[in-house]
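Give me a 3D structure for the following:
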Amino acid sequence: MTPDGIMEVMRRKNLDLQEKNVQIVTLATVQANAQRDYRITIATKIAKLRLAGESVSLADTLAKGDEDVANKKVDFVIAEATYKACLESIKDTRAALDTARSLLTWQREEKYSKQI
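Numbers count the residues shown, from 1 in each chain. Next up is the predicted model:
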């Protein structure tokens, strides 16, 4: 690959990284909101069950089995997984940038050593 080709790869990876950095903020917000919604929903359900006279352990189990609570949990798990996947994608993009930088440096050194 030519130095110009490597620079083009680096330019594209930098743009990808910028987009992913913006995306991660949005995903973090979605994850936090999903977690909040889940915690509020399960706490409310447990409180209602406790007021109805259910034992603590049974109220917790019944609350987790509630359809609305389970849906909020699914939303939270999906949001969390999406956030983590984006983080991994950012790490991969950084690694690709590092590889391109190393290749560019190696080519420059090779060119310099051949001139001597």
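
Pick out the residue closest to the middle of the protein.
The structure's the chain has its C-alpha centroid closest to Tyr83; by Cα atoms, centre = their mean the separation is 2.2 Å.

Can you list the helices and strands that whichever strand or helix holds it packs against?
Assigned by DSSP states H and E, Tyr83 falls within helix 67-115. Applying 3 or more Cβ pairs under 8 Å, 6 or more residues apart in numbering; DSSP states H and E, one finds that helix 67-115 makes contact with helix 3-51, helix 56-65. Just so you know, the C-beta spots here come from the backbone N, C-alpha and C atoms, and that holds for glycine as well.

between the ones you listed, which gets nearest to Asp92?
helix 3-51 (9.6 Å; Cβ to Cβ).

re earlier: ok now do the residue nearest to the centre of the chain, which residues does it touch?
Contact analysis of Tyr83 by Cβ atoms under 8 Å, 6 or more residues apart in numbering lists Ile24, Leu27, Ala28, Val30, Gln31.
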